[in-house]
Every structure is written in structure tokens, then in C-alpha cells.
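1. Next one to model:
(one chain, ligands or ions: 1)
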Amino acid sequence: MMPLRSFLCMLFSLCLPTTLLAHIQVEHPIVFATQAGEPSAVFMDLHNHSQEPVQLAFVQSKVKSRLALHGMQKGHMIDLPTILIPPHSTVQLKRGGLHIMVFDLEQSLQVGEQYPLSLFFDNGEVIEIKANVVAP
Ligand SMILES: [Cu+2]
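-> Take a look at the predicted model:
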């Protein structure tokens, strides 16, 4: 059976004309430098220019790694099913708050490099970004 994520990717990429959808804007994507196998975190600003709430549903990278949506609760990281961006709002993924957790990186991320990400939103938008690798 096809893994759920692959199936969703196929749905997102085949069924939804991305030209019709340009409601989400991503700014300042960064990821902390790290060694292969060590965890890291991705941060960015997510703007929702539409009149509907939009959720970041999941994230993938061409660089082999396992990605998870995380929030913070009482000083501990918690798994989130999605990250909600309210209508006409900006949500900041930042240190100590919401972030995209990176596990099981197959290669190191060095300062100055870029880490490619595909962001899948529940309105069908798929946004390709390159996070700049910065010192933690
Ligand atoms: Cu985390």
C-alpha cells in the first residue's frame, strides 16, 4: 500500500492547479546548522492573504530527513497535526515557539548552504522554498 504522504503529495500535485492559488506567502526561511543524524529546526514567517483559515498540513525535503510540525507547551516540544494560519494573518515559526523539527538528516547542514523544503497547505497550495542554513 502506498504511504499516506506519497498519496497526499500525488493528490496535491496532480489535482490542484497551483496557479489559481496564491494565498500563502513564506518569508525568511532559516534552518539551524547541524551534523548528520542530529536534530535541527526550521523557522519562517507564514502569511495568509486569503479570507479563509489555512493550515500547513505537512512538509517534505529532497534532502533525506524526517520532518514534524512542533509547538511548545510548558517548555516542552509537542507534535502538532497542522499549523493554523488565520485569515489575513501572519504566523511566525520562531525559536521557543512553533517550528518544523528536522530529524534523521542524512547529511550535515553547513552555514551558508540551503535546505530545500516543500510546504503543503490544506487549501491545495504547495510552496517550494530554500531555507538558509544559519548558526544556531
Ligand atoms: Cu521540535
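2. hey, let's count contacts and neighbours off CA atoms from now on
-> OK.
3. Point out where this structure drops to low pLDDT.
-> Low-confidence segments of the chain (pLDDT under 70): 1-21.
4. got the residues of it near the ion?
-> 70, 101 (CA under 5 Å from the ion).
5. Closest approach to the ion from the chain, which residue is it?
-> Met101 (4.5 Å; CA to the ion).
6. Just give me the neighbour total for the residue lying closest to Gln25 once chain neighbours are set aside.
-> Distance criterion CA to CA, 6 or more residues apart in numbering; nearest residue to Gln25, sequence neighbours excluded, is His47 at 5.0 Å. If you count neighbours by other CA atoms under 10 Å, His47 ends up with 20.
7. Can you spell out which residues form a bridge with His47?
-> Going by DSSP bridges, His47 is paired in beta bridges with Gln25, Thr90.
8. picking that back up, so which helix or strand takes in the residue of the chain closest to the ion?
-> Under the criterion of DSSP states H and E, Met101 resides in strand 99-103.
9. Of all the residues in the helix or strand immediately after that strand in the chain, which ones are buried?
-> Past strand 99-103, further along toward the C-terminus, the next helix or strand under DSSP H and E is strand 114-121. For strand 114-121, burial by neighbour count (16 or more other CA atoms under 10 Å) applies to 114-115, 117, 119-121.
10. just to revisit the earlier point, hey, what's the residue of the chain closest to the ion bridged with?
-> Residues in beta-bridge contact with Met101 (DSSP bridges): Ala41, Ala68.
11. Distance of it relative to Leu119?
-> Between Met101 and Leu119 the computed distance is 13 Å (CA to CA, to the nearest Å).
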